[in-house]
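Novice: Below is the structure, and that's it, no one-letter string:
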């Protein structure tokens, strides 16, 4: 499993890449994409939506399942990755390149995990 | 009498014993005694097949079948080519389940794929679903496709089928949406009350009174206010008039019964739904898509299933499960038998015969209520519809439907000149 | 095989209509868009669909044990009755339909007797449509009783997906409750979930694990005491009709699937019919018109201002009702319970033949269906429920329902129905056991089943990622 050191992670399996102090990108971890299997569609959030840490923000579809994506931090959606609408497979192929949405005014009431802690968390969850 | 149970009493006893039960009653040991029905059902004794056939024939005989029908109003009598019934009566098609097991359901899947393509061709729209229950439900489902959290209002024309209006009202009630009816002016939808507060507007083409609406104009005005436009289309009219796509409609729906389905006292019918590519994922119900099998051969499957209730459960935007697959196949076989020229011809004949009927009725003293052009239905004034219809009835003619201030008449390719002349003769008498 | 569009030859046609016999005329604005319907001869069409029929698995092509779908034999006399001109060629807005009205009135009477309900509507066109209608009755009831806070419907996790979807569509919030260990309703969890916001409960009994919930009276009492109503999903009525009635179990409204328990065919996905029955206190809310007997004849009557309105045009899927009614006439009072008993017997017999080999979720007696779980095999040898299901296709059997109910992992839900003989069940069991042995010997080979179907497993990921939903013409 691939867990880049420079990213932060939520227990709900999203990764967060801070691009400044108050801005970030969010995507699904390698662990998540592997567990979900071949993704076939992403219901992206609308730009302008207020993300609340720990609450559902959008969902991803595989052939026989829908899985909620939770906001790993709070903030305002400023941009969504529309490329994924036509090529959802990018999430499976390159989970850390395939960001879902970008947030501004980011706040993070509950602390995120670093790569090491996240790996440990996933290892536990597998059992 | 039978219950179509093949096991003999002896076999039933063997099976009971083998599975560890002492009797049939023992099978229900989990059902508390107090809940068990302590009496025989108050139903007649079971019948032999001969008695059943006789009873059903007697009941069917109590209904009047007319030689000559001039009534439409949402249910239309057209000629049904012999090939249609022959195909859709094939046992495999009649009895198969929903094609979830694609490997052994390619026949049904391909037939739906072909149906979806034909609906796209008729409407000119990009995508179609595998059908819903009927035209009225198709309209209500289309309205829910347009639903947004902010706009709790929808516009519908007063010119839509009254049953469709009822169904829309019922569905919108569950969604706490207000239904605002746009009145008619000279038989056409009056758009002056339209505003941008609503999510969509639903109109019918031609409308319930047969009048051809200016759909292009409706779509332009509604789009300018930020509304989505839904049109309920008559399938033959689409072959002759500008298509919903040409008019700029977002969702085209309608009642597919005229495409090869008998009147059937109202059902089963066929709700078709087509939309722009942008709205594809909002379409409710089943959709068939093309793909490949593991050896690279073309294959068809139910697709985009993650929209649907069996996966999305309470988050699904529609609860629709069954479609009307056999009716969709009926429509597809009908359209294949008619072909493009046949459909255009049939549509032109509907139009021409209705216009001939209108002209002849006018000569007989029944004037049309609205000046605007019509497709295959129109309303005439009539002082005493009941006695006129009763007179026609005696001649085996089902006349038009009484509506406020008059009669709603219908003609299709099935009504010969001779029949029309015979009707007019009675009207004049 | 080719599509109709690929068989099309420009200029080919069937001679269906005569020439126009009145003056020709055209509207002012006409269609400019091309109309690319196929151009075919009758031979082309006939052969095309014969070929498609060959790639379709019908009830008469073999055993069809789809759990919860009740794929029983569809009697021919039903089809013959529905095709009678006196039913098929009658306009929904004409008079002189005493026969049609008698069918509707009598079918209502019989089905109310079977379910313990007082009134019924035939407007809903399918089971899910019936659910929605039934929930609307509940919504109307609370609305008219000023219970504005009652907006939650309780649904057990073993329920059909349509239950929560219908609830949400009807404007309710869904409260999912987990099942107890034995698959039945967890009474404590139910009590916890019930409160002043409870609008009602939706339940199938027997449930989707094929178990009759013996606490059903307590369950409906708990909900009633909390002020909610109880909705019976009639999908599994085949197990208990003539034996026990939802009305006596405490349910207030129900839907039936005429295309399940009452033998009308599924048509590859429809048309079905999902009549909704209710107790008398809900009857004035039913949609559509009702049939009454007055002055020596049947007549339509408006249901009044409390009615929810309409859920479909006209009177629903009438010809489907004709088929179910024909079936009821054939069965009669003694046939209805015999159907249920034999459905339950067949399920228990087949379960008995399989349970030494396969893991069955329900150790005790089952009703009309039972659930196998391949969870152990999936872990140990990598063979899934899907693999077994697909392998059954090579034995001229339709696979059972897969991956349902959701509270069982690697589930296969088996419902043989009463119209299968002992010989068919023995042969099916032999096939199940042979496949199991093969799976143990060569698990890898199972992933490529079926081997003898018109196509191998389709690429569903490709279909969903890049949807091709219509034929695309070259030009």
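Specialist: Nice, I can see it. None of the values given here were measured: they were computed from a predicted structure. Numbering: from 1, shown residues only, chains lettered A, B, ... in the order given.
Novice: Would you agree residue B:53 is in contact with residue C:76?
Specialist: No - with the criterion set as Cβ atoms under 8 Å, residue B:53 and residue C:76 do not qualify as a contacting pair; they are 10.4 Å apart. Heads up, the C-betas are built off the backbone N, CA and C, glycines and all.
Novice: More neighbours: which of these two?
Specialist: More neighbours sit around residue B:53 than around the other of residue B:53 and residue C:76, counting by other Cβ atoms under 10 Å in any protein chain shown; the figures are 18 against 10.
Novice: Using the three-state scheme, assign that one.
Specialist: Three states are possible here, and by DSSP: H, G, I helix; E, B strand; the rest coil the one that applies to residue B:53 is helix.
Novice: do the same with residue B:378
Specialist: Under three-state DSSP, the three-state class of residue B:378 is strand.
Novice: Show me what it is bridged to.
Specialist: Here residue B:378 sits in beta bridges with residue B:409, as judged by DSSP bridges.
Novice: Quick check: the gap between the residue in the stretch 201-350 of chain B that chain A sits nearest to and residue C:467.
Specialist: Sorted by distance to chain A under Cβ to the nearest Cβ, the residues of the stretch 201-350 of chain B start with residue B:306, at 3.6 Å. When distance is defined by Cβ to Cβ, to the nearest Å, residue B:306 is 12 Å away from residue C:467.
Novice: now for the lengthiest helix in chain C, which elements pack on it?
Specialist: Once chain C is assigned using DSSP state H, the helix that runs over the most residues is helix C:318-354. Helices and strands touching helix C:318-354, by 3 or more Cβ pairs under 8 Å, 6 or more residues apart in numbering or on different chains; DSSP states H and E, are helix B:9-18, helix B:49-61, helix C:76-82, helix C:85-88, helix C:98-115, strand C:370-373, strand C:411-414, helix C:422-441.
Novice: Around chain B, which positions in chain A sit nearby?
Specialist: Counting by Cβ under 8 Å from any Cβ of the partner chain, the residues of chain A lying close to chain B are A:40-41, A:61-66.
Novice: picking that back up, more neighbours, residue B:306 and residue C:467?
Specialist: Between residue B:306 and residue C:467, counting by other Cβ under 10 Å, residue B:306 is the more crowded of the two (24 against 20).
Novice: interface residues of the stretch 101-250 of chain C facing chain B?
Specialist: In this structure, the stretch 101-250 of chain C approaches chain B at residues C:102-103, C:110, C:113-114, C:125-129, C:131-132, C:136, C:139, C:155, C:160-162, C:164-171, C:174, C:176, C:211-212, C:214, C:216-217, C:240, C:242-245, C:248-249, judged by Cβ under 8 Å from any Cβ.
Novice: Buried subset of these, written for ChimeraX?
Specialist: Selection of the buried residues among those in ChimeraX, burial being defined by 16 or more other Cβ atoms under 10 Å in any protein chain shown:
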select /C:102,103,110,113,114,125,126,127,128,129,131,132,136,139,155,160,161,162,164,165,166,167,168,169,170,171,174,211,212,216,240,242,243,244,245,248,249
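Novice: Show the contacting residues for whatever residue of chain A ends up closest to chain C.
Specialist: Closest approach of chain A to chain C (Cβ to the nearest Cβ) occurs at residue A:40, with a separation of 3.6 Å. By Cβ atoms under 8 Å, 6 or more residues apart in numbering or on different chains, the residues touching residue A:40 are A:61-63, A:88, B:306, C:461, C:464-465.
Novice: Find the nearest non-adjacent residue to it, please.
Specialist: The shortest distance from residue A:40 to any residue that is not its chain neighbour, by Cβ to Cβ, 6 or more residues apart in numbering or on different chains, is 3.6 Å, and that residue is residue C:464.
Novice: how far out from the middle of the chain is the strand or helix carrying residue B:154?
Specialist: Under the assignment given by DSSP states H and E, the secondary-structure element containing residue B:154 is strand B:153-157. Chain-centre distance of strand B:153-157: 21 Å, with Cα atoms, centre = their mean, to the nearest Å.
Novice: who does the helix or strand containing residue C:199 touch, helix- and strand-wise?
Specialist: Residue C:199 is part of strand C:198-203, with elements assigned from DSSP H and E. Judged by 3+ Cβ pairs under 8 Å, 6+ apart, strand C:198-203 is in contact with helix C:127-144, strand C:152-156, helix C:162-169, helix C:216-225, strand C:229-233.
Novice: Please look at residue C:463 and residue B:306 and confirm they touch.
Specialist: No - in terms of Cβ under 8 Å, residue C:463 does not count as a neighbour of residue B:306; the distance is 11.8 Å.
Novice: Residue C:449 and chain A: what is the separation?
Specialist: Plainly put, residue C:449 is 18 Å away from chain A if you go by Cβ to the nearest Cβ, to the nearest Å.
Novice: what do you get for residue C:323?
Specialist: 33 Å.
Novice: Which positions in stretch C:333-342 come out as buried?
Specialist: C:333, C:335-342.
Novice: for chain B, what are the low-confidence residue spans?
Specialist: Residues of chain B meeting the criterion pLDDT under 70: B:1.
Novice: Kindly report the domain assignment for it.
Specialist: B:9-61, B:68-80+B:339-428, B:82-332 (automatic domain parsing).
Novice: Any idea how far the shortest one is from the middle of the chain?
Specialist: I take that to be domain B:9-61. Here domain B:9-61 shows a centroid-to-chain-centroid distance of 36 Å under the convention Cα atoms, centre = their mean.
Novice: With adjacent residues omitted, what lies nearest to the residue in chain A positioned nearest to chain B?
Specialist: The nearest approach of chain A to chain B comes at residue A:61, 3.6 Å away (Cβ to the nearest Cβ). What sits nearest to residue A:61 in space, not counting adjacent residues and going by Cβ to Cβ, 6+ apart, is residue B:306, at 3.6 Å.
Novice: and that neighbour, backbone torsions?
Specialist: Note on residue B:306: its backbone torsions stand at phi -70, psi -10 [degrees, to the nearest 10].
Novice: how close does it get to residue C:469?
Specialist: 15 Å.
Novice: can you check residue C:350 too?
Specialist: Counting by Cβ to Cβ, the gap between residue C:350 and residue C:469 amounts to 39 Å.
Novice: Kindly report the same for residue A:73.
Specialist: Applying Cβ to Cβ, the value for residue A:73 to residue C:469 is 38 Å.
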